[in-house]
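K.L.:
the amino acid sequence is not available; the structure is as follows:
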């Protein structure tokens, strides 16, 4: 019950308040969501990614194990989602929208505080989650952009868009500076820190603005499928992968927990920026965040059965 209350008070309610603020602002002022989307992609997201990696305590041994898990898990989840997409006969942009709502999950502002709650501030499990966050930031900015444009734009134009994303350059720069202990000049560091602190609020307000523009034709069956795949199948598959790879202890528990979180805001940002089923994406993020109170609490309970 304590985990349930903590997730409710520290994740769901604060996120919902900012989303509600975005809805209210949109109804009052008819804000330009494209501008906010570009701020997230080109300013706030790269800044928070840089700080997270630059300040983290990462080891190459842990990174190899986590990346091994991540790629096995990612492709298995991708395959399962693709089966559902084919069975449901989704077409056009809905294929990528459904896929992105499952394979992109909230590994930063939801998963990092959750990790620190469950493992009582353990720097080892935090480093695991930061690696997951790094990949969950990189893939939406590469494959994610490709997926929402592949059915309507030439490959050359899509690749040009991908190569314009700052995150794909920020990640290697941050890791290089971290490994070789290259200091960031203090005035620049403060500026990056200010920008990074704006990411969560701006992304959630953007989600609220998108929800505020919708006609609220709720795609119940599609959203329910997305939620089940993300919140139920996702952690079950995580359990299976850690077992198959022979991982155990806090490493295995942290990896399974990382799979249990709701759909990432990046799926909404992609949908809004590239006009790809933004209503479905917004509903999937919002509903999965609400229902995660119950599913994540159950996953935390089940972690005790991992040796």
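P.N.:
Here it is on my side, so go on. Just so we're clear, the structure is a prediction, and the values are computed from it rather than from any experiment.

K.L.:
which stretches in the stretch 51-200 of the chain count as helices?
P.N.:
60-88, 93-103, 111-118, 123-138, 145-149, 155-163, 167-179, 186-196, 199-213 (DSSP state H, counting those that start in this stretch).

K.L.:
pick the most buried one from these.
P.N.:
helix 93-103 (a mean of 25; mean count of other CB atoms under 10 Å). For the C-beta atoms, the positions are set from N, CA and C on the backbone; glycine is no exception.

K.L.:
helix 60-88 and that one, what's the angle between them?
P.N.:
Interaxial angle, helix 93-103 versus helix 60-88 (axes from the mean of the first three to the mean of the last three CA atoms, to 10 degrees): 140 degrees.

K.L.:
contact partners of helix 93-103?
P.N.:
74, 77-78, 81-82, 84-85, 88, 90, 139-140, 144, 147-148, 150-152, 222, 225-226, 229-230, 234, 263, 266-267, 270-271, 276-277, 280-281, 284-285, 288 (CB atoms under 8 Å, 6 or more residues apart in numbering).

K.L.:
please apply the same query to stretch 44-52.
P.N.:
Stretch 44-52 has contacts (CB under 8 Å, 6+ apart) with 108, 130, 133-134, 137, 141, 166-167, 170-171, 173-174, 192-193, 195-196, 198-199, 202-203.

K.L.:
rerun at 7 Å
P.N.:
Contact with stretch 44-52 is made by 130, 133, 137, 166-167, 170-171, 174, 192-193, 195-196, 198-199, 202, as judged by CB atoms under 7 Å, 6 or more residues apart in numbering.

K.L.:
which one of those residues is nearest residue 27?
P.N.:
When these are ranked by distance to residue 27 (CB to CB), residue 202 comes first, at 18.3 Å.

K.L.:
looking at the closest residue to the closest one other than its chain neighbours now. What's its pLDDT?
P.N.:
In space, and not counting its chain neighbours, residue 202 is closest to residue 44: 5.5 Å by CB to CB, 6 or more residues apart in numbering. At residue 44 the predicted local distance difference test score is 91.

K.L.:
residues near residue 44, how many?
P.N.:
21 (other CB atoms under 10 Å).

K.L.:
just residue 164 next, same as before
P.N.:
Neighbours of residue 164 using other CB under 10 Å come to 12.

K.L.:
tell me who's in contact with it.
P.N.:
Residue 164 touches nothing, counting by CB under 7 Å, 6+ apart.

K.L.:
tell me how far it lies from residue 142.
P.N.:
12 Å (CB to CB, to the nearest Å).

K.L.:
next one: residue 272 from residue 2, what distance?
P.N.:
For residue 272, the distance to residue 2 - CB to CB - is 36 Å.

K.L.:
okay, the two: which has more neighbours?
P.N.:
Using other CB under 10 Å, the more surrounded residue of residue 272 and residue 2 is residue 272, with 23 against 8.

K.L.:
that one: what secondary structure?
P.N.:
helix (DSSP: H, G, I helix; E, B strand; the rest coil).

K.L.:
low-scoring stretches of the stretch 201-307 of the chain, by residue?
P.N.:
For the stretch 201-307 of the chain, the stretches with pLDDT under 70 are 214-219.

K.L.:
now do the phi/psi pair for residue 197.
P.N.:
Dihedral pair for residue 197: phi -70, psi -20, per degrees, to the nearest 10.

K.L.:
need the helices of the stretch 51-200 of the chain in JSON lines (columns: distance to residue 32).
P.N.:
Formatted as JSON lines, the helices of the stretch 51-200 of the chain follow (distance: least, CB to CB, whole Å):
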{"stretch": "helix 60-88", "distance to residue 32": "32"}
{"stretch": "helix 93-103", "distance to residue 32": "22"}
{"stretch": "helix 111-118", "distance to residue 32": "30"}
{"stretch": "helix 123-138", "distance to residue 32": "24"}
{"stretch": "helix 145-149", "distance to residue 32": "20"}
{"stretch": "helix 155-163", "distance to residue 32": "20"}
{"stretch": "helix 167-179", "distance to residue 32": "22"}
{"stretch": "helix 186-196", "distance to residue 32": "20"}
{"stretch": "helix 199-213", "distance to residue 32": "9"}
